[in-house]
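Undergrad: Could you look at this predicted model? Sequence included:
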Amino acid sequence: MKAFTFVVALAASVSVGAVAAHAQSSGVLNKAVGGYSFEDAAKEAPGSKDFNSKDGKLTFAIVTHTAGNGFFDPTYVGAKVAANAFGINLIMLGSEAPVDDIPREIAILNQIVQDPTIDGVIMTTPQSGAYDDLVKKLMEKNIPIATTNSFDPAIFNRSGISHTGQESSAAAIGGEALAKCLIAKGAKGSVVFPNTTTLGNEEVNRRITAAFNATVKTLKAANKLADFKVDAGPNNIGIDVDKDNIVNSVVTLIESRKDVVGAFAANGFVTPALGDAVGQLKKNGQICAFGFDLGPKQQEQIKTGALTGALGQQPFLQGFWPVAQLYLQIDRGISAANLDTRAQLVTKDSLGNVGKRFEN
């Protein structure tokens, strides 16, 4: 009887094991409906590594308009991660200046265009119309292009070039947060939008406009607009401040208005200057000060209250996706596809979640 019980139990366990094995294998796909195997289809095309330069490797260059202030560090990291994943040789270049240096970026790009080993180019395009000749030269050589960060809507062959970046309209999130901060404080006075308008960064100018409009809209909806003088300059692209004396010029702007209770800056250069100005004036926590980008300095200023918050644009993705996109264009013939990296509002409450893996 005991033997019979053991045999029955053994048979039952085998049966259960067989059912489990069947359950694990059911639904597993090895072949496509078209008959080819997914394993073979996932392999790189034999000629991809000999694209353009025909040297047995893909070489991409990524060039930014300011590599000197740390904002693009995560962008380069993201590009490197993607390049390593796809076996691509990556050349990382950019203006050494801590402020937008478009002539220097263009000079670097003109050198890149002449390099016979380059198979793909990633570039930032902050000045509308400045990159058309470069695009045409690269297209003549059949070299694919991806733009990242700053968006030029009128660039030559825009529909054939992928773009990765935060929509300038995302700055409205910062403008809304600024208005809510003012309302919560019960403040009254001037709200200013400092910007280096003379540098001609179209993307940054559009951010100022979006933030300005959102601030006005939010204050108006709360019936508080009459309590404030909201000033983004004569064209709503910012009040010009001196790029060569940035902190002192922001201090002068705030002092000249005498009643500034809120401020917004729109890039990784003016934002830290705004935080420094607030700190110098000992107005930490008193002025609702918001800005762009989440470099180390901005993060420290959020901790001290010199900045109330800042918008991150997830620059890691601005490096990772363009590399992946160029590779897919070369290896798969996939058309240029845009990626909106959105906006991430960071305040003192959420600061601890930022930058743990070089991603912001």
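TA: Thanks, I have the structure now.
Undergrad: Find the nearest non-adjacent residue to residue 188, please.
TA: Leaving aside its chain neighbours, residue 188 sits nearest to residue 227 (4.3 Å; criterion: C-beta to C-beta, 6 or more residues apart in numbering). C-beta coordinates here come from the backbone N, C-alpha and C atoms, glycine included.
Undergrad: Please report the distance of that neighbour from residue 81.
TA: From residue 227 across to residue 81, the span is 48 Å (C-beta to C-beta, to the nearest Å).
Undergrad: Those two: who's more crowded?
TA: Each of residue 227 and residue 81 had its neighbours counted (other C-beta atoms under 10 Å), and the higher figure belongs to residue 81 (19 against 15).
Undergrad: Helix, strand, or coil at that one?
TA: Secondary structure state of residue 81, per DSSP: H, G, I helix; E, B strand; the rest coil, is helix.
Undergrad: shaky segments in the stretch 201-350 of the chain?
TA: Across the stretch 201-350 of the chain, nothing is flagged by pLDDT under 70.
Undergrad: all helices for it, in order.
TA: 202-221, 246-257, 270-280, 296-304, 315-332 (DSSP state H, counting those that start in this stretch).
Undergrad: And the ones you listed: which comes nearest residue 157?
TA: Among the helices of the stretch 201-350 of the chain, helix 315-332 comes nearest to residue 157, with 13.1 Å by C-beta to C-beta.
Undergrad: And residue 226, how close does it get to residue 95?
TA: Where residue 95 is concerned, residue 226 sits at a distance of 44 Å (C-beta to C-beta).
Undergrad: quick one, what contacts the residue nearest to residue 188?
TA: With contact set as C-beta atoms under 8 Å, 6 or more residues apart in numbering, residue 227 has these partners: 187, 188, 189, 219.
Undergrad: what do you get for residue 149?
TA: Contacts for residue 149 (C-beta under 8 Å, 6+ apart) come out as 64, 72, 75, 124, 126, 164, 165, 203, 313, 315, 318.
Undergrad: Neighbours of the second one, how many?
TA: Looking back up the chat, that one is residue 72. 28.
Undergrad: That one and residue 94 touch, don't they?
TA: Yes - between residue 72 and residue 94 there is a contact under C-beta atoms under 8 Å: 6.5 Å.
Undergrad: residues shared between the contacts of those two?
TA: 64, 66.
Undergrad: Neighbours of residue 213, how many?
TA: Residue 213: 17 neighbours (other C-beta under 10 Å).
Undergrad: just residue 328 next, same as before
TA: 17.
Undergrad: swap in residue 57?
TA: 14.
Undergrad: just residue 286 next, same as before
TA: Residue 286: 14 neighbours (other C-beta under 10 Å).
Undergrad: quick one: it from residue 262, how far?
TA: 10 Å.
Undergrad: Please apply the same query to residue 207.
TA: Taken as C-beta to C-beta, the span from residue 207 to residue 262 is 16 Å.
Undergrad: Who has more neighbours out of these two?
TA: More crowded of residue 207 and residue 262, by other C-beta under 10 Å: residue 207, with 32 against 25.
Undergrad: For the more buried one, give me its contacts.
TA: With C-beta under 8 Å, 6+ apart, residue 207 has these contacts: 168, 170, 171, 266, 267, 292.
Undergrad: try it again with 10 Å
TA: 166-172, 174-175, 193, 195, 201, 237-238, 264-267, 292, 311, 313, 343 (C-beta atoms under 10 Å, 6 or more residues apart in numbering).
Undergrad: now swap in residue 204 and tell me
TA: Contacts of residue 204 by C-beta under 10 Å, 6+ apart are 100, 126, 150, 168, 171, 195-197, 237-238, 265-270, 292.
Undergrad: what do you get if the cut-off is 7 Å, keeping everything else the same?
TA: 195, 266, 267 (C-beta atoms under 7 Å, 6 or more residues apart in numbering).
Undergrad: And the closest residue to the second one other than its chain neighbours, how far from residue 165?
TA: What sits nearest to residue 266 in space, not counting adjacent residues and going by C-beta to C-beta, 6+ apart, is residue 207, at 4.0 Å. According to C-beta to C-beta, residue 207 stands 11 Å off from residue 165.
Undergrad: And residue 344, by the same measure?
TA: 14 Å.
Undergrad: Look at these two and report which has more neighbours.
TA: residue 165 (26 against 18).
Undergrad: give me phi/psi at the more buried one?
TA: The phi/psi pair for residue 165 (degrees, to the nearest 10) reads phi 170, psi 170.
Undergrad: Residue 258: how many residues sit nearby?
TA: 8.
Undergrad: I meant to write residue 116 there.
TA: For residue 116, using other C-beta under 10 Å, the count is 10.
Undergrad: how close does it sit to residue 52?
TA: Residue 116 is 8 Å from residue 52, by C-beta to C-beta.
Undergrad: How about residue 310?
TA: Counting by C-beta to C-beta, the gap from residue 310 to residue 52 is 40 Å.
Undergrad: Who has more neighbours out of the two?
TA: residue 310 (31 against 17).
Undergrad: who's that one bridged to?
TA: Bridge pairing for residue 310 (DSSP bridges) gives the partners residue 291, residue 346.
Undergrad: give the contact list for it.
TA: 271, 290, 291, 292, 293, 294, 298, 302, 346.
Undergrad: contacting residues around the residue nearest to residue 243 when sequence neighbours are not counted?
TA: Spatial nearest neighbour of residue 243, excluding adjacent residues (C-beta to C-beta, 6+ apart): residue 196 at 4.6 Å. By C-beta under 7 Å, 6+ apart, the residues touching residue 196 are 240, 241, 243, 269, 270.
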